[in-house]
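Undergrad: Take this sequence and fold it.
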Amino acid sequence: VGGYAAALLLDTGAALARPDLRTYEESLRRWLNAAALVRPSGAGGRVVAVGEPALPVLQALVRADPVGHAERELASRLDARLPPAVRLAAVEGELPALRDLAAGPWPQPAQVLGPVELRAADPEEEHPWGRLIVAVPRAEGAALARRLQVAQSERSVRKLRPYRITVDPQSLG
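TA: Just a heads-up that it's a prediction; the model follows:
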């Protein structure tokens with residue numbers, strides 16, 4: 001009744017070390033949800049987070065400021081050209097096909113990274129497998145999706161191995 005007396009958030013560094021583009025926002029969401037279960041401090045409730053106190057995400061937790069954290073995170077993603085500031089597509093497929101796809105055309109301005117080889121071809125595969133990353137402004141997201149749909153359709157018509165496409169992936173690893 002009235003909430004938990006305390007919440008202890010252990011090893012926040014481990015939660016923040018996950019290789020994911022949404023690690024900080026997801027960690028803050030979980031921590032704030034746990035803190036919301038604790039009774040108010042005036043009623044004796046305490047929330048303790050074990051971690052580096054200078055980290056902006058932990059400061060957002062201390063201040064209970066998810067909006068400020070989201071604004072700062074969006075600004076840093078604008079600088080880094082990462083979602084949600086841009087539309088980003090990760091396309092995996094046979095390396096020669098990805099090289100052709102990388103040549104475009106793409107909605108402009110587009111940033112095309114790769115393709116890079118992910119793994120060499122095994123005896124059952126004809127070509128090595130790779131990944132291509134394409135980033136476009138948010139306003140060009142629909143055009144990016146159409147371009148990828150056309151590329152996938154062309155492979156399907158020719159009965160070629162399809163691409164594996166992820167738009168705004170949570171991880172680039």
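
Undergrad: The helix ranked longest in the chain packs against which elements?
TA: For the chain, the longest helix by residue count, based on DSSP state H, is helix 141-157. For helix 141-157, the packing partners by 3 or more Cβ pairs under 8 Å, 6 or more residues apart in numbering; DSSP states H and E come out as strand 86-94, strand 129-137, strand 164-167. Bear in mind the C-beta positions are built from the backbone N, C-alpha and C, glycine included.

Undergrad: Please identify the pairing partners of the shortest one and their relative orientation?
TA: Strand 164-167 has the following strand partners under DSSP bridges: strand 86-94 (antiparallel).

Undergrad: Please tabulate the helices and strands packed on helix 141-157 in a markdown table, including the columns mean neighbour count and distance to residue 46.
TA: As requested, the helices and strands packed on helix 141-157 are arranged in a markdown table below (neighbours: other Cβ atoms under 10 Å; distance: least, Cβ to Cβ, whole Å):
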| stretch | mean neighbour count | distance to residue 46 |
| --- | --- | --- |
| strand 86-94 | 21 | 40 |
| strand 129-137 | 20 | 43 |
| strand 164-167 | 15 | 41 |
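
Undergrad: what secondary structure does residue 159 sit in?
TA: coil (DSSP: H, G, I helix; E, B strand; the rest coil).

Undergrad: Need the contact partners of stretch 21-33.
TA: Identification of contacts with stretch 21-33 by Cβ atoms under 8 Å, 6 or more residues apart in numbering yields 9, 12, 15-17, 20, 49, 57, 60-61, 64, 66, 69-70, 73, 82-83, 169-172.

Undergrad: orientation of the helix or strand of the chain with the lowest mean pLDDT relative to strand 129-137 in degrees?
TA: The weakest-scoring helix or strand in the chain, judged by mean pLDDT, DSSP states H and E, is strand 111-119 (a mean of 89). Put simply, strand 111-119 runs at 160 degrees to strand 129-137, going by axes from the mean of the first three to the mean of the last three Cα atoms, to 10 degrees.

Undergrad: Show me what strand 111-119 is packed up against.
TA: With 3+ Cβ pairs under 8 Å, 6+ apart as the test, strand 111-119 has helix 95-102, strand 129-137 packed against it.

Undergrad: Of the ones you listed, give the one that comes closest to residue 42.
TA: Nearest of the helices and strands packed on strand 111-119 to residue 42, taken as Cβ to Cβ: strand 129-137 at 47.2 Å.

Undergrad: Mind checking the pLDDT average for the closest one?
TA: Model confidence over strand 129-137, given as mean pLDDT, is 93.
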